[in-house]
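A.B. asks: coordinates only, sequence not included:
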């Protein structure tokens, strides 16, 4: 029977939440199985073709048609509410808290029953329509629980799919999961709509959707949040429940439906409780209305119409009243029942919990009344029971899925949920087919046919009128031809006169043209005379220009002679400078200075001093004779050899501190940076990088290099170059810049640190020594800034990923590399904010080694002070039980 209407607000019935275990209740025994037997149908009905949804379905799917008004069905088929149980797997909290305890339920899916443990030796056994384990897929849940209902909806029956259970047991996951990340996670709502849209016609059928929530006993529209108190309307004749003021959206494809669900879920109320981080605070109801047109078959009733003359009736071909099936599908995601002492609800969340529990209690009372065939069902105790009037005891085919958790801490809530499902299995619905004849559609088709016949008649009448008009037009054309012949004769006479007039005008025009030609010839003769006078004047000017050209050629020959002399001198000087650089590289290979020393300047040994001093004297003499401006101008020469020699001379000049200021003032720094940017010659780029490295030894020059984008050009050169010597020069220049406290942030932003780390690909010891020197300079500046208070936060070296390389090379075989890396580690460790990263990266062991084994006493003492001053390091050493 359906929910009975009652004038009383409060009805009586068993509360599903407060019911204790009864020894004689159906489906419950002590260690003995007594399955629930569905009540037998009260009326016989012819069987209908079986559905393929579930092999264990006990629902009678037969139909019985009546001959009620408009072809609607007054008969029905009894069908019990089908109940399935789904177990949620343990979550992370339960795995820890319940590690030593077994699950409170034991599933036997092959027997369609479960055991609820009371203690270690006693349990209760319950029988259900389907048992779904924690490993059951979303697809199987849909096919077992919802697909039979969806197929019934497509055949014209109302259907309901509802999820009930404690909060946090997976109701929303089962019903409303969208499957955006994993399509296999799609819930019942999405899969049901896929089946519905796949089985309806986009031309004749319509599918509309409403998405509502019942929050604090008010019906709210999730697709239009401004509608926050929608009225529930009941048809006084049929008892059908509807919400006409809700938003009804007609669907065309699955994608638009998913967007609607997303919009609705965004407006649904949820809160964070101890039992669930996203606990639904409202009951969500998805209402799907399906209107499906059934094409008439041969043998169906035909419409009798009269012929045009009003004579004997005849059967109209293809004019039959179509059958329309109107059904609706309710998918209800109930808010989870919860105990306040477990959920920790308070304030407004507590009020929400009270409202949820009251509505679920009202639903439980109605289920109890229907299960016990009570004469009074308290349907009006809650808006939830009013909305579900057709689902329990009504005309809808209903499937209920109860979700439970495995935790023994919530055994009471699990037992209450199981008993709710047991009582729901006793509820019997009278499933009815919602079908009627679409006379409105038939009327439209007849009107269309009538309009077609009227239009055809109008076309025939118009054709006869057009024929008469054509005959009249031909007669009129004949009369016009006669008048036209007369007018042509008059026109011919006029044409003859006009031709004579035109001939006279042409003769006059020719005479005028001849006169104009004579005037032009006279004008041309005058212009030729003037041109000859100008040409004589131009010849005089040409002679003067020729004399000036001869003088310029002589001046050019003198300049070329000077350039040749200067090129010879530059060649000699560059060769001498290259010779000295090779000697220095050979003697000082693998050595690297600390601080801001450039890689292109090494301390010469005593036996090389005289040679280098002689070469510098020669360069100084050329510098005085030729002048710096001329040398810098040769950097822009089109001759590659000239540029090579010139840049070598500038690099040698830049090695002297006295010349650096003059080079910068004369624009030499900009010219060197331009060579780095534009030159493709490896030698030019190597020597130019060395010259920049020499200039970068001065703090003022460092700021100028950064201001002119020098670090970006050096980083680009490092990316493109493969020659170890070029990389050594670039690394040395960046290493010098790393020693400036003011430029650290800008140097890192423009890729200086990444360029240094990128050059370790060379694996050349000289390059690695310069990289290590730059990292040591950078770490030293950061340590100094942290000590002075203007540097906070983690080291930029660690942010750019330099720590793994530093740790890997802290014990490098090459002494210069190892010394710089050890110094860098000590400076990084002085800032406490870097300590955790250093411990995680394995640098603590290297610091301990440095404090014990480093050959330099100052670095060894610095490492010892750093380890003693850091609480993080001391805690980690104690944890590792490392005696220090």
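C.D. replies: Alright, I've got the coordinates. Owing to the predicted nature of the structure, the values given are computational and were not obtained by experimental measurement.

A.B. asks: Secondary structure class of the closest residue to residue 675 other than its chain neighbours, three-state.
C.D. replies: In this structure, residue 675 finds its nearest non-sequential neighbour in residue 688, 4.4 Å apart by C-beta to C-beta, 6 or more residues apart in numbering. Every C-beta, even on glycine, is put in place using the N, C-alpha and C of the backbone. For residue 688, the assignment made with DSSP: H, G, I helix; E, B strand; the rest coil gives helix.

A.B. asks: thought residue 416 was touching residue 336?
C.D. replies: No - look at residue 416 against residue 336 with C-beta atoms under 8 Å: they stay out of range, at 11.8 Å.

A.B. asks: What spatial separation is found between residue 206 and residue 750?
C.D. replies: From residue 206 across to residue 750, the span is 63 Å (C-beta to C-beta, to the nearest Å).

A.B. asks: the more surrounded of those two?
C.D. replies: Each of residue 206 and residue 750 has its neighbours counted (other C-beta atoms under 10 Å); residue 750 has more, 19 against 16.

A.B. asks: so what's the more buried one up against?
C.D. replies: 706, 709, 711-712, 715 (C-beta atoms under 8 Å, 6 or more residues apart in numbering).

A.B. asks: which two from those end up farthest apart in space?
C.D. replies: Across those, no pair lies farther apart than 706 and 715, at 12.1 Å, counting by C-beta to C-beta.

A.B. asks: Quick one: neighbours of residue 841, just the number.
C.D. replies: Neighbour tally, residue 841, other C-beta under 10 Å: 16.

A.B. asks: And residue 249, by the same measure?
C.D. replies: 15.

A.B. asks: Make sure it is actually in contact with residue 206.
C.D. replies: No - the criterion here is C-beta under 8 Å, and residue 249 misses it with residue 206 at 11.1 Å.

A.B. asks: other SSEs contacting the biggest helix by length in the chain?
C.D. replies: In the chain, with assignment by DSSP state H, the single longest helix is helix 439-588. Packing partners of helix 439-588 (3 or more C-beta pairs under 8 Å, 6 or more residues apart in numbering; DSSP states H and E): helix 609-626, helix 640-654.

A.B. asks: between the last one and helix 439-588, how many degrees?
C.D. replies: Our comparison of helix 640-654 with helix 439-588, counting by axes from the mean of the first three to the mean of the last three C-alpha atoms, to 10 degrees, yields an angle of 70 degrees.

A.B. asks: List the buried residues in helix 640-654.
C.D. replies: When neighbours are counted by 16 or more other C-beta atoms under 10 Å, the buried residues of helix 640-654 are found to be 642-654.

A.B. asks: buried set for stretch 713-732?
C.D. replies: Buried residues in stretch 713-732, counted by 16+ other C-beta under 10 Å: 713-718, 721, 724-732.

A.B. asks: Name the pair among those with the greatest separation in space.
C.D. replies: Farthest pair in these (C-beta to C-beta) is 713 and 724. Separation: 19.4 Å.

A.B. asks: any residues touching stretch 804-817, and which ones?
C.D. replies: 590-592, 757, 760, 765, 768-769, 772-773, 775, 797, 818, 821-822, 824-825, 828, 841-843, 846, 849-850.

A.B. asks: Repeat the analysis, applying 6 Å as the threshold.
C.D. replies: With contact meaning C-beta atoms under 6 Å, 6 or more residues apart in numbering, stretch 804-817 is reached by 592, 765, 768-769, 772, 818, 821, 824-825, 841-843, 846.

A.B. asks: Poorly predicted segments of the chain, please.
C.D. replies: The chain contains residues with pLDDT under 70 at 1-76, 274-276, 296-321, 341, 343-345, 437-439, 556, 558-627, 883-884.

A.B. asks: Please flag which of the buried residues of stretch 713-732 sit within helices.
C.D. replies: 713-718, 724-732.

A.B. asks: And stretch 94-102, what's buried?
C.D. replies: 94, 98.

A.B. asks: What's the end-to-end length of that stretch?
C.D. replies: Start-to-end span of stretch 94-102 (C-alpha to C-alpha, to the nearest Å) is 11 Å.

A.B. asks: for stretch 115-127, same thing?
C.D. replies: By C-alpha to C-alpha, the extent of stretch 115-127 from end to end equals 9 Å.

A.B. asks: so is the closest residue to residue 800 other than its chain neighbours in a helix, a strand, or just coil?
C.D. replies: Distance criterion C-beta to C-beta, 6+ apart; nearest residue to residue 800, sequence neighbours excluded, is residue 753 at 4.5 Å. Secondary structure state of residue 753, per three-state DSSP, is helix.
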